[in-house]
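In: Sequence and predicted structure below; questions after.
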Amino acid sequence: MKILHIVDKKIVLPALILLLWMSFTGAQAETKLIMLGTGTPVPNAERAGQGIAIIYNGKAYLFDVGGGVVKRCIQAWKQMGFKSLNPTKISHLFITHLHSDHVLDYPEFANTYWWRRTSQINVYGPVGIEKMAWGYYQMIRFSIRHRIEGKQPVKNPTFYQTIQHEYKKGGWTFNKNGIKIEAFEVAHGDLHPAFGYKIQTPDKTIVISGDTMKSEKVIEMATGADILVHEVISEDGISRISPFWQKYHSSYHTRTPELAEIANKAKPKLLILTHVLHYTAPVESALHEIKKLYKGKVVLANDLDVF
Ligand SMILES: [Zn+2]
Ligand SMILES: [Zn+2]
């Protein structure tokens, strides 16, 4: 009984305080990965453009912000209880590359309720994100001026602006708040630079491929990872398009036999398929094809899946 009494005081009480604090702040003790958008440039009502949130220690880190991703953040916040996905609470956005399906919701994200923000958004990504920010300032000039110079009280008149951190090469690293994020270069046809990201927290190692053809770098970064989120082309799908487009897409993206080879070498504990190019074949064709060639755990992601 005496031992139990000590256990009670020394462990149960602090654990209770931590639980109360977590429920109050919305903090997650465990790292969570939320698929906010799993789409491609192909119009799709069920899939937003690319977007992944990683939540660690009460903070959300966003990877890409394709069209519709901000609405998915709001759904995850209001309908699923992920308070750190309130868009005004997110202050770190990492961009893989500047294709439209990865950035179209950037103005929506930067502008959503900016006058209620308590911190500015830091945007990390390839050279070009600074120009993208200036394009957004031009687009929203009238509204910004009206809010700042009009009758609306605005405490932080510069908070519609984002802070850019550009890089040309892989190896750039973010290391703060107990989370380490490393950008690595991938091969995405003739689009340069394009990055994948390796994210490490005390309990998880996650690798996001970004858009890439089969990459040795992904194998290196994902070896031993808990989760590999990878883009893919279905063979059934690509067999239905013209030789020109087959060649084009194969030099920008990864086909299922190639992804199976990557997974067989890297052996992640979980492989998540996203950004599936399947043309007129069913989206599930990519999953079926991978399962024939790879015996590890693999899932096909839908918007708002949580891992
Ligand atoms: Zn792309
Ligand atoms: Zn893409």
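Out: Arrived safely, thanks for sending. Ligands and ions are numbered 1, 2, ... in the order given.

In: hey, let's count contacts and neighbours off CA atoms from now on
Out: Noted.

In: Quick check: phi and psi on Pro107?
Out: Taking degrees, to the nearest 10, you get phi -60, psi -40 for the backbone angles of Pro107.

In: Next one: the residue nearest to it when sequence neighbours are not counted relative to Ser242, how far apart?
Out: Leaving aside its chain neighbours, Pro107 sits nearest to Tyr136 (5.9 Å; criterion: Cα to Cα, 6 or more residues apart in numbering). Shown here: Tyr136 relative to Ser242, a distance of 37 Å by Cα to Cα, to the nearest Å.

In: how many other residues sit next to the residue nearest to Pro107?
Out: Tyr136 has 18 neighbours, counted by other Cα atoms under 10 Å.

In: Is it correct that it falls within a helix?
Out: Yes: checked against DSSP: H, G, I helix; E, B strand; the rest coil, Tyr136 lies within a helix.

In: Roughly how far does it sit from Asn264?
Out: Counting by Cα to Cα, the gap from Tyr136 to Asn264 is 42 Å.

In: same thing with Arg147?
Out: Distance, Arg147 to Asn264, by Cα to Cα: 54 Å.

In: Please apply the same query to Gly58.
Out: Distance, Gly58 to Asn264, using Cα to Cα: 34 Å.

In: counting contacts, what elements does the host helix or strand of Ala60 pack onto?
Out: Ala60 is part of strand 59-63, with elements assigned from DSSP states H and E. Judged by 3 or more Cα pairs under 8 Å, 6 or more residues apart in numbering; DSSP states H and E, the packing partners of strand 59-63 are strand 51-56, strand 92-94.

In: Just the buried positions in the first one, please.
Out: Meaning strand 51-56. Under the neighbour-count criterion of 16 or more other Cα atoms under 10 Å, strand 51-56 has 51-56 buried.

In: average model confidence for that strand?
Out: Mean per-residue pLDDT for strand 51-56: 98.

In: Given it, what are its sheet partners and their directions?
Out: Strand pairing for strand 51-56, using DSSP bridges, gives strand 32-37 (antiparallel), strand 59-63 (antiparallel).

In: Reformat those strands as a markdown table; add mean pLDDT.
Out: Shown next, in a markdown table, are these (pLDDT from 0 to 100):
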| stretch | mean pLDDT |
| --- | --- |
| strand 32-37 | 98 |
| strand 59-63 | 98 |
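
In: what ranges do the strands span in this protein?
Out: With DSSP state E as the criterion, the chain has strands at 32-37, 51-56, 59-63, 92-94, 121-126, 162-167, 173-176, 179-188, 191-200, 205-208, 227-233, 270-277, 298-300.

In: Reformat those strands into CSV and put distance to Lys292 next to each item.
Out: Listed next are these as CSV, based on distance: least, Cα to Cα, whole Å:
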stretch, distance to Lys292
strand 32-37, 25
strand 51-56, 27
strand 59-63, 30
strand 92-94, 33
strand 121-126, 36
strand 162-167, 39
strand 173-176, 36
strand 179-188, 26
strand 191-200, 26
strand 205-208, 23
strand 227-233, 15
strand 270-277, 14
strand 298-300, 11
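
In: So, low pLDDT: which residues of the stretch 1-150 of the chain?
Out: Scanning the stretch 1-150 of the chain for pLDDT under 70 picks out 1-28.

In: Helices of that one, start to end?
Out: Remark: helices assigned in the stretch 1-150 of the chain by DSSP state H, counting those that start in this stretch are 2-7, 13-25, 69-78, 100-103, 106-111, 129-139, 141-149.

In: same check, this time on the stretch 201-307 of the chain
Out: Here the stretch 201-307 of the chain has its helices, by DSSP H, counting those that start in this stretch, at 216-222, 235-238, 243-250, 256-266, 284-293.

In: Mind checking these for the one nearest to Ala76?
Out: helix 284-293 (24.3 Å; Cα to Cα).

In: Nearest residue to Glu130 in space, please, no chain neighbours.
Out: Residue nearest to Glu130 in three dimensions, not counting chain neighbours: Gln164, with 5.9 Å by Cα to Cα, 6+ apart.

In: Who are the contact partners of the one you found?
Out: For Gln164, the contacting residues are 122-125, 129-130, by Cα atoms under 8 Å, 6 or more residues apart in numbering.

In: change it to 10 Å
Out: By Cα atoms under 10 Å, 6 or more residues apart in numbering, the contact set of Gln164 is 93, 121-133.

In: what would the residues you listed look like in CSV with distance to Arg47 and neighbour count?
Out: Listed next are the contacts of Gln164 as CSV, based on distance: Cα to Cα, whole Å; neighbours: other Cα atoms under 10 Å:
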residue, distance to Arg47, neighbour count
Leu93, 20, 21
Ile121, 25, 22
Asn122, 26, 16
Val123, 23, 24
Tyr124, 24, 22
Gly125, 23, 26
Pro126, 25, 24
Val127, 27, 19
Gly128, 26, 15
Ile129, 24, 21
Glu130, 27, 17
Lys131, 27, 11
Met132, 24, 15
Ala133, 25, 19
